[in-house]
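>>> return a 3D structure for these sequence lines:
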Amino acid sequence: MLGIVIGVAAVIALTAIGRGAQEQTDRRLQALGTNLLYVQSGTALTGSPVSQGAGSATTLTWQDARAIARSGGAVGAVAPSLSGRFQVVYAGSNTNTSVVGTSPEYEQVHDFVPLTGRFFNRVELERVARVAVLGQTVVRELGLTARSALGKTVRIRGEHFRVVGTLEYKGGSPPRDQDDQVLVPLTAMAARLVGTNSLSGIAVGTIAVAAAGPDRLEAARLQTANLLRRLHRLGPGQEEDFSIRSQADLRASANQIAGIFTTLLGATAAISLVVGGIGIMNIMLVSVSERTREIGLRKAVGARSGDILGQFLLEAVALSMGGGILGVVSGFAASAGVGAALGWAASVSFEAVVLSLVVSMAVGLLFGIYPSSRAARLDPAVALRSD
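Numbering: from 1, shown residues only. The predicted model follows:
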């Protein structure tokens, strides 16, 4: 029974943890914004065919982002971004964090509103103002609070930026923490921190495009791709120097990986059920040998082979089902405990519970057949003479 208890509990707990991780990932991706397209710059080559990876070339500019925003149609708000990791210093505290140069539309596109203060505005963007909005992880690392940070001056690469707001809590999963970032105007990022690094204007790494509606994502993708091809003077058959991925693509990929992970966890735990089944078979074989005289006596007074077979099968199934029920209870408890330790809700599925009980019953039947049939085949005269 203990083997079945451990097997069922492990299956339920591990699949629940896997489903919880999947749901957590899905929530994190949803928190980045809805109906989003991510346009990424192209790939740089360092001595063909050595690729530096997507986003390594400076093929997208702020001008591209503004053209996409002006195109209307299926496109809603547009927010370009240029990012880098820098040391941010305040008084005697400092932290290494992601600094993102963007536009005021970032707030709308990513549904990321200030917890205190405000977001920088269009005037500050145009005037290359040195203002910053801090994520909550940065606020904490600098020894500040969401309210006390307002009006303070932080140093980034020797440049002074005045804090005008702090972002709401978003959370994240390693290695991505949405609270561990500082947002500054794109113009200030280019001019003060990284430099204008494109002949055609301020180069950006990513342009986030929000579709005008949930059902217009694919139309926004085609509209953006066609516009960028025209802006970059790409002829028919010419390879695009940018890539576009939708949030739906990211969620589908993440959910597929999480689903495989959950399946592997469940399959690994299911091995315990097989071990438990072998344990039941062994204990039933011992039971047959210890109860040989009982079997002979029952046959002598009229029990048929089917009666003996049914008796021992029922005992095997009772053992496995009892273990299965205890395993379900233990699995729920383990799921809650591990979920609390990991910081997310472990999601126990009804299907996993039913499947575990069915499998445990099947294990009892499967591994009880051989001992039961062996008991049923005993000759009553020989059985009665045994010690």
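
>>> identify the bridge partners of residue 41.
residue 242 (DSSP bridges).

>>> ok, and what's touching stretch 206-220?
33-41, 55, 60, 64-65, 68, 73-81, 83, 106, 108-110, 224, 246, 248 (Cβ atoms under 8 Å, 6 or more residues apart in numbering). (Glycine included, C-beta is placed from N, CA and C.)

>>> of those, buried ones?
33-41, 55, 60, 64-65, 68, 74-81, 83, 106, 108-110, 224, 246 (16 or more other Cβ atoms under 10 Å).

>>> out of the residues you listed, which are inside helices?
Judged by DSSP state H, the buried ones among the contacts of stretch 206-220 include 64-65, 68, 106, 108-109, 224 as members of helices.

>>> how about the nearest residue to residue 117, chain neighbours excluded?
residue 165 (3.1 Å; Cβ to Cβ, 6 or more residues apart in numbering).

>>> so how many other residues sit close to the one you found?
Residues near residue 165, counting by other Cβ atoms under 10 Å, number 21.

>>> that one should be in a helix, yeah?
No: going by DSSP: H, G, I helix; E, B strand; the rest coil, the assignment for residue 165 is strand, not a helix.

>>> show me what contacts residue 66?
Contacts of residue 66 (Cβ under 8 Å, 6+ apart): residue 78.

>>> and it, how far from residue 161?
With the distance defined as Cβ to Cβ, to the nearest Å, residue 66 ends up 24 Å from residue 161.

>>> avg pLDDT for whichever strand in the chain runs longest?
Ordering each strand of the chain by length in residues (DSSP state E) puts strand 75-90 first. Average pLDDT, strand 75-90: 92.

>>> can you list the low-confidence ranges for the stretch 51-200 of the chain?
Along the stretch 51-200 of the chain, the parts satisfying pLDDT under 70 run over 51-57, 171-176, 195-200.

>>> wait, residue 338 touches residue 15, no?
No: contact criterion Cβ atoms under 8 Å: residue 338 and residue 15 do not qualify, at 11.8 Å.

>>> neighbour-wise, which of these two wins?
Between residue 338 and residue 15, counting by other Cβ under 10 Å, residue 15 is the more crowded of the two (28 against 16).

>>> distance check, the more buried one against residue 326.
Relative to residue 326, and taking Cβ to Cβ, residue 15 is found at 18 Å.

>>> how about residue 228?
Counting by Cβ to Cβ, the gap from residue 228 to residue 326 is 60 Å.

>>> show me which of these two is the more surrounded one.
Higher neighbour count among residue 228 and residue 326: residue 228, with 21 against 17, using other Cβ under 10 Å.

>>> what's that one sitting at in phi/psi?
Residue 228 adopts backbone torsions of phi -70, psi -40, taken as degrees, to the nearest 10.
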